[in-house]
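Q: what would the 3D arrangement of this be:
(chains A and B)
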Amino acid sequence: AQSVTQPDIHITVSEGASLELRCNYSYGATPYLFWYVQSPGQGLQLLLKYFSGDTLVQGIKGFEAEFKRSQSSFNLRKPSVHWSDAAEYFCAVGELTEYGNKLVFGAGTILRVKS
Amino acid sequence: DVKVTQSSRYLVKRTGEKVFLECVQDMDHENMFWYRQDPGLGLRLIYFSYDVKMKEKGDIPEGYSVSREKKERFSLILESASTNQTSMYLCASSRKDSTGSDTQYFGPGTRLTVL
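A: Residues are numbered from 1 along each chain as shown, chains lettered A, B, ... in the order given. Sure thing, here's the model as predicted:
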């Protein structure tokens, strides 16, 4: 069965600093990979997704992620963090079924931004 | 924009009560999902539906049932609420695209407290 590990429960970065959130997955086939963000009291918003093709994926709000098959990783990056990026971030791997993706989520990483 | 709405943001119920959580989407999506979100555990799939009157168990269906009588509406039912069902409940919807994959769009969540 597929699984997702987000090794960092909390991360604190200074505003303007770069950010990398780690995500490792376990899945036997070519994975469908997603990053979602959840602001306090809100639902999840899709940041970006990887299905195939270019392993560097651009998303919304200046985020990008790189798929590395050899490391089973899909880390999320942003070159300069803004205070509004403080939120919880979830990585997910999708098992493709005849209906679409059945998602398995990581436990999440809470990002704190200090001024 | 896809809009997924949930009937309540906050709900407080007593042990043993029957609880209904409602979800409505306005994008004519075939697939709908119910997740629960708990700190440190991420999101876990309870049930999903790929068509009207169709349902499939997710990873943690025990203690829950679902109903999908209309395409746009997916209900989660707690037949006899228990304190261990205190959680955040998130609904999502999706449609399979030409690649065979899909992207799930989430509602704002319902925070349920069972006393």
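
Q: who are the contact partners of residue A:1?
A: When contacts are counted by Cβ atoms under 8 Å, 6 or more residues apart in numbering or on different chains, residue A:1 is found next to residue A:104. (Each C-beta comes from the backbone N, C-alpha and C, glycine too.)

Q: actually residue A:109, not the one I wrote
A: Residues counted as contacts of residue A:109 (Cβ under 8 Å, 6+ apart) are A:6, A:8-11, A:21-22, A:88-89.

Q: doesn't residue A:35 make contact with residue A:60?
A: No. Counting by Cβ atoms under 8 Å, residue A:60 does not reach residue A:35; the two are 10.1 Å apart.

Q: shared neighbours, these two?
A: Counting by Cβ under 8 Å, 6+ apart, the common neighbours of residue A:60 and residue A:35 are A:46-48.

Q: what residues does chain B put near chain A?
A: Counting by Cβ under 8 Å from any Cβ of the partner chain, chain B comes close to chain A at B:4, B:30-31, B:40-45, B:48, B:50, B:58, B:90, B:92, B:94-96, B:99-109.

Q: buried subset of those residues, written for PyMOL?
A: Selection of buried members from the residues of chain B next to chain A for PyMOL, criterion 16 or more other Cβ atoms under 10 Å in any protein chain shown:
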select buried, chain B and resi 4+30+31+42+43+45+48+50+58+90+92+94+95+96+101+102+103+104+105+106+107+109
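
Q: ok, back up a step: out of the shared contacts of residue A:60 and residue A:35, the closest to chain B would be?
A: Chain B lies nearest to residue A:46 out of these, by Cβ to the nearest Cβ, at 6.1 Å.

Q: give the burial count for that closest one, as a bare number.
A: Residues lying near residue A:46 (other Cβ atoms under 10 Å in any protein chain shown) number 17.

Q: same question for residue B:38.
A: Neighbours around residue B:38, by other Cβ under 10 Å: 12.

Q: and it, what does it touch?
A: B:44, B:87-88.

Q: could I get the shared contacts of residue A:60 and residue A:35 in a markdown table, plus columns for distance to chain B and pLDDT?
A: Below are those laid out as a markdown table (distance: Cβ to the nearest Cβ, whole Å; pLDDT from 0 to 100):
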| residue | distance to chain B | pLDDT |
| --- | --- | --- |
| A:46 | 6 | 94 |
| A:47 | 11 | 97 |
| A:48 | 10 | 95 |
